[in-house]
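Q: Could you work out the structure for the sequence below:
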Amino acid sequence: MLDTSVMERSSAYVGAASYDYRDTLAASQKVNWQIEDIIGGEKKLDFTKRFMPESLARVEQLPFLNEVERLILNQIRGNTYLSIFVIVEEFIVPFVLDHIRPSIDQDDDRSAAFLQFLGEEVKHIKLFKTFCEEFKEGFGSECKVIGPASEIGKAVLAHDPLGVALVILMIEWLTQAHYVESVKDNDELDPLFKSMLKHHWLEESQHAKLDTRMVEYIAERMDADAIAKSVNAFFEIGGLLDEGLQQQVRFELEALELATGRKLNDEERKIFVDVQLQANRWTFIGSGMVHPKFLETMGRLGADQRLRIEGAAPIFA
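A: This next block holds a predicted model:
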């Protein structure tokens, strides 16, 4: 359980105007979509179209693949994208539960907003698992994904609470950037996949606000040394995620060769791994580290902490 007791030392967190719990809850309740509105029945994936924007998939940077092979790899990356979000959201749920449990009777608006958040995250897990089932049925060959989710979640949650909260905040903001900057106006993507990302974005836009409040709540009870240790934990979790992405790229290479019946040569394999590792790093880490709202929060933790993030971000570009 998270330690939310007030520490007997001066806080290093620089406060700012926070998002309003009641307004955030109201915005979430207006969205109120259901899984069956998006996928299932006659709503099927179109495997003649790409699922992911090129800014995230980076399949065009692999000149030794033909157009059909690039399409297949793009769809494999789409499966990776939503499968990894299942993993992430499965550790977000227990973390947020632990965060609100000690004070659930102290602020009705806050409790209601976070409980709405939790219900939506569970819905997202079910939505993405439904997609994975549809993908498996329609794609025709195996696409492995890192896991199991429970073990990854256990490893993440073993770290300092503020470090975990910062990772969650980074991920929430990167989903905003992905949809707004790369998906929203992209007419080349499969409409059903695009619809899933849109509906995910609609609710995650409120989650990012609540995650910001969660970071504030934890950080305002900490001094500069404690915050620095938490940012160390953020980087440790980032390293853990990066190890998973390295394995995931190897799975994607296997999936591409299985789906196409073509074995890449050694030079092609090296280029594939280099390009796709950076694509995955940018997708799941880098695009969140450079998000203005994430950096704004890091700046309130301390100018030196923001500089640490900005200095490391190019590794994941």
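
Q: Please make it C-alpha for all contacts and neighbour counts, starting now.
A: Noted.

Q: Residue 284: what's it in contact with?
A: Taking Cα atoms under 8 Å, 6 or more residues apart in numbering, we find residue 284 in contact with 171, 174.

Q: Try it again at 10 Å.
A: 56, 81, 84-85, 170-171, 174-175, 238, 241-242, 245, 278, 316 (Cα atoms under 10 Å, 6 or more residues apart in numbering).

Q: Identify those among those that sit within helices.
A: The helices, defined by DSSP state H, take in 56, 81, 84-85, 170-171, 174-175, 238, 241-242, 245, 278 from the contacts of residue 284.

Q: Next one, pLDDT for the residue minimising distance to the centre of the chain please.
A: For the chain, residue 171 is the residue whose C-alpha lies nearest the centre (Cα atoms, centre = their mean; 3.9 Å). Note for residue 171: predicted pLDDT of 96.

Q: Against residue 293, how distant is it?
A: 12 Å (Cα to Cα, to the nearest Å).

Q: okay, and the common contacts of those two?
A: residue 208.

Q: Would you map the helices across this structure?
A: Under DSSP H, the chain gives helices at 21-31, 54-57, 67-100, 108-139, 149-157, 161-178, 191-219, 224-260, 266-281, 287-289, 292-301, 303-312.

Q: will you turn the ones you listed into TSV that also has distance to residue 46?
A: As requested, these are exported to TSV (distance: least, Cα to Cα, whole Å):
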stretch	distance to residue 46
helix 21-31	26
helix 54-57	17
helix 67-100	10
helix 108-139	9
helix 149-157	28
helix 161-178	21
helix 191-219	8
helix 224-260	17
helix 266-281	23
helix 287-289	27
helix 292-301	34
helix 303-312	38
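
Q: of all those, which lies closest to residue 48?
A: Proximity to residue 48 (Cα to Cα) singles out helix 67-100 among the helices of the chain, at 8.0 Å.

Q: Report the rounded mean pLDDT for that closest one.
A: Averaged across helix 67-100, pLDDT comes to 96.

Q: same thing with stretch 207-227?
A: pLDDT averaged over stretch 207-227 gives 94.

Q: And it, what's buried?
A: 207-216, 218-224, 226-227 (16 or more other Cα atoms under 10 Å).

Q: in stretch 142-152, what's buried?
A: 142, 143, 144, 145, 146, 149, 152.

Q: what's the answer for stretch 285-304, then?
A: Those would be 285-291, 293-295, 297-302, for stretch 285-304 by 16+ other Cα under 10 Å.

Q: do stretch 240-251 as well
A: For stretch 240-251, by 16+ other Cα under 10 Å, it's 241, 242, 244, 245, 246, 248, 249, 250, 251.

Q: what's the burial count for residue 30?
A: By other Cα atoms under 10 Å, the residues close to residue 30 number 9.

Q: how about it, what does it touch?
A: Taking Cα under 10 Å, 6+ apart as the test, what residue 30 contacts is residue 203.

Q: Kindly report the same for the one 5 residues further on.
A: The contact partners of residue 35, taken as Cα under 10 Å, 6+ apart, are 123, 124, 126, 127, 128, 130, 196, 199.

Q: Please repeat the previous calculation with a cut-off of 7 Å.
A: Applying Cα atoms under 7 Å, 6 or more residues apart in numbering, we find residue 35 in contact with residue 127.

Q: Please renumber the chain so that the first residue is 37 from this point on.
A: New numbering, starting at 37: the last item is residue 71.

Q: gap between the nearest residue to residue 180 once chain neighbours are set aside and residue 279?
A: Spatial nearest neighbour of residue 180, excluding adjacent residues (Cα to Cα, 6 or more residues apart in numbering): residue 287 at 5.7 Å. Separation of residue 287 from residue 279 (Cα to Cα): 13 Å.

Q: mind checking which helix or strand of this structure has the lowest mean pLDDT?
A: helix 57-67 (a mean of 88; mean pLDDT, DSSP states H and E).
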